[in-house]
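*Asks:* starting from these lines, generate the structure:
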Amino acid sequence: MTMPDPLANPIKPEDDTQASIPAPEAPSFPQSSAPDFDEATATPGSTTYGTAYDAAGAQSFPGPEQPAANQAPFGGAPGAQPSPEQPAYGSAGYGDPAYGQPAYGQPAYGQQAYATPPKQWVLALVLAFFLGGFGVHNFYLGYTTRGIIQLVLTITLVGAPISAIWALIEFIMIIMRSGSYGYDASGQPLV
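*Replies:* As a prediction, this is how the structure comes out:
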């Protein structure tokens, strides 16, 4: 089977049958023209072609340390500056009292996880009166070096009178809650 040659039978305007069929038009695409660019008067960073024509190191991109000039702070209005009252990122959360939720029993930063109950003033006084020469009241209050020195003095028998006078002075200081004997070794007041 042979195909008819379209050039052999050209379309004539007199022919009604083929004149009614419109000729297909070429598709139209938006034409882009090259932007006017003069390298002699251009400033670095002003090209629309990217960074290939810009001077090396002339551009700076905002990173985590340097926010963009037109970028608003987190949670703020566009163009607003961060205020000194604005909390730091991550400061408010589920354990924050502002939200009214408990912190699941976790201690605050800087607090002891297992706080010891305060020492008894009366017990320290009784220990100083009856066992003061052995330094038991100092061990109870947490002053272990004082307690060891008093214990060693009492055991040597030569230092026993010195240790007894020392214990009597500490007994009076505990009664008056004077100096370091108003507190235990961790700084909690005696109750």
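
*Asks:* host element of Ala115?
*Replies:* Of the helices and strands defined by DSSP states H and E, none includes Ala115.

*Asks:* can you give me the neighbour number for it?
*Replies:* 10 (other Cβ atoms under 10 Å). The C-beta positions use only the backbone N, C-alpha and C, and glycine is treated the same way.

*Asks:* tell me the contacts of it?
*Replies:* Contact analysis of Ala115 by Cβ atoms under 8 Å, 6 or more residues apart in numbering lists nothing.

*Asks:* and it, how close does it get to Gly187?
*Replies:* Distance from Ala115 to Gly187, counting by Cβ to Cβ, to the nearest Å: 11 Å.

*Asks:* ditto for Lys119
*Replies:* In terms of Cβ to Cβ, Lys119 sits 11 Å off from Gly187.

*Asks:* compare these two (neighbour count), which wins?
*Replies:* Lys119 (18 against 8).

*Asks:* which SSE is immediately downstream of the worst-scoring helix or strand of the chain on mean pLDDT?
*Replies:* Here the helix or strand of the chain ranked lowest by mean pLDDT, DSSP states H and E is helix 16-19, holding a mean of 55. Using DSSP H and E, the helix or strand that follows helix 16-19 in sequence is helix 121-131.

*Asks:* that following helix - contacts with which helices or strands?
*Replies:* helix 136-141, helix 160-176 (3 or more Cβ pairs under 8 Å, 6 or more residues apart in numbering; DSSP states H and E).

*Asks:* okay, those in a markdown table with mean pLDDT and mean neighbour count next?
*Replies:* Shown next, in a markdown table, are the helices and strands packed on helix 121-131 (pLDDT from 0 to 100; neighbours: other Cβ atoms under 10 Å):
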| stretch | mean pLDDT | mean neighbour count |
| --- | --- | --- |
| helix 136-141 | 97 | 22 |
| helix 160-176 | 96 | 16 |
